[in-house]
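Trainee: Here you go, sequence then predicted model.
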Amino acid sequence: MSTPFYVSPQQQMADRAEYARKGIARGRSLVVLQYADGIVFVGENPSRALHKFSEIYDRIGFAAAGKYNEYENLRIGGVRYADLRGYTYDRDDVTARGLANVYAQTLGTIFSSAAEKPYEVELVVAEVGVTREGDQIYRLPHDGSIVDEHGSLAVGGNAEQISTYLDQHHSDSMTLAEALKLAVRALSRDTNGSEREIPAERLEVAVLDRTRPQKRKFKRIVGRQLSRLLDEGGSTDAPSDTEPEADAE
């Protein structure tokens, strides 16, 4: 009788984490930035039907990198949770922190289960506050941990390199046009350090705008409005070493 092959629990978890990270890295990067009037989501996405960014509730947005079918299931679950909680209690009881905890439990359970593969997704849950100090951004990696973020972050693809660039150039007081232009410059930098042009039609952009008078603060930015913001941001927010790409946009 042969002896079963033994793999330590630590090695199993390491292998599952590596599997999930490689799957997430194969996807396109996306960035989330705070700006003066809210939070903006920017990603390269040629599809007009399969969205990376979505509204969850009044002031809460969702972003995801990785396998679409997996994060779409999580998004739908989040919408159901938010609707049920808001209906049962009060709309103000639906928060990004509560939603992040629900996602963390789901991802953590799946990651530690030997019966199924880990999800190849990384999520961002953001809530825009009445003031800039009230904004909340939570990043949830594949293992269900929660990271409280501020200012800017990137997930998917070459997220580490993009995050470094954003940390060097981002400011919370940026206008929407300036933040959008910075996000595009960061996304256009390849892993080898070269730059490429990302046309407006390949961008998916959404905002949580605290200045909107209605309860629902989520809005997609497309078409002429997107092109106008890209042109408007080109002359104001680019340091001298990035001005050539600003002209290209």
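Mentor: Thanks, I have the structure now.
Trainee: Just checking, which helix or strand succeeds the longest helix seen in the chain along the chain?
Mentor: If you go by DSSP state H, the chain has its longest helix at helix 68-88. The first helix or strand that comes after helix 68-88 along the chain, using DSSP states H and E, is helix 96-112.
Trainee: Just give me the residue right at the centre of the chain.
Mentor: By C-alpha atoms, centre = their mean, the chain has its centre lying nearest to A63, at 3.9 Å.
Trainee: which of the residues in the longest helix of the chain are buried?
Mentor: E70, Y71, L74, R75, G78, V79, Y81, A82, R85 (16 or more other C-beta atoms under 10 Å). C-beta: built from backbone N, CA, C; applies to glycine.
Trainee: which ones are touching I76?
Mentor: By C-beta atoms under 8 Å, 6 or more residues apart in numbering, no residues touch I76.
Trainee: Tell me the spacing between it and V128.
Mentor: From I76 across to V128, the span is 22 Å (C-beta to C-beta, to the nearest Å).
Trainee: again with I198
Mentor: Applying C-beta to C-beta to I198 and V128 gives a distance of 25 Å.
Trainee: before we move on, the earlier item: how much does the longest helix of the chain deviate in direction from helix 96-112?
Mentor: 140 degrees (axes from the mean of the first three to the mean of the last three C-alpha atoms, to 10 degrees).
Trainee: Show me how far helix 68-88 is from its chain's centre.
Mentor: Mean-position distance between helix 68-88 and its chain equals 16 Å (C-alpha atoms, centre = their mean, to the nearest Å).
Trainee: got it, and stretch 84-103?
Mentor: Worked out by C-alpha atoms, centre = their mean, stretch 84-103 lies 19 Å from the chain centre.
Trainee: what's the answer for stretch 97-106, then?
Mentor: Counting by C-alpha atoms, centre = their mean, stretch 97-106 comes out at 15 Å from the chain centroid.
Trainee: repeat for stretch 34-44
Mentor: 10 Å.
Trainee: May I have that stretch exported as CSV, CA atoms only?
Mentor: Backbone C-alpha positions of stretch 34-44 (Å, rounded to 0.1, in the frame of the first residue of the first chain) are rendered in CSV as follows:
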residue,chain,number,x,y,z
GLN,A,34,-9.5,60.3,-4.0
TYR,A,35,-9.9,63.7,-5.4
ALA,A,36,-11.4,67.0,-4.0
ASP,A,37,-15.1,66.1,-4.6
GLY,A,38,-15.1,62.3,-4.3
ILE,A,39,-13.5,59.1,-5.5
VAL,A,40,-12.7,58.1,-9.1
PHE,A,41,-12.3,54.6,-10.5
VAL,A,42,-10.2,54.3,-13.7
GLY,A,43,-9.3,51.1,-15.6
GLU,A,44,-8.4,49.9,-19.1
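Trainee: now that stretch: mean pLDDT?
Mentor: Confidence for stretch 34-44, expressed as mean pLDDT, is 96.
Trainee: Buried residues of that stretch, list them for me.
Mentor: Buried positions in stretch 34-44, judged by neighbour count with 16+ other C-beta under 10 Å: Q34, Y35, D37, G38, I39, V40, F41, V42, G43, E44.
Trainee: go on, stretch 173-192?
Mentor: Residues of stretch 173-192 classed as buried by neighbour count (16+ other C-beta under 10 Å): 174-189.
Trainee: Please identify which of these is nearest to Q161.
Mentor: If you rank the buried residues of stretch 173-192 by distance to Q161 using C-beta to C-beta, R189 comes first, at 6.6 Å.
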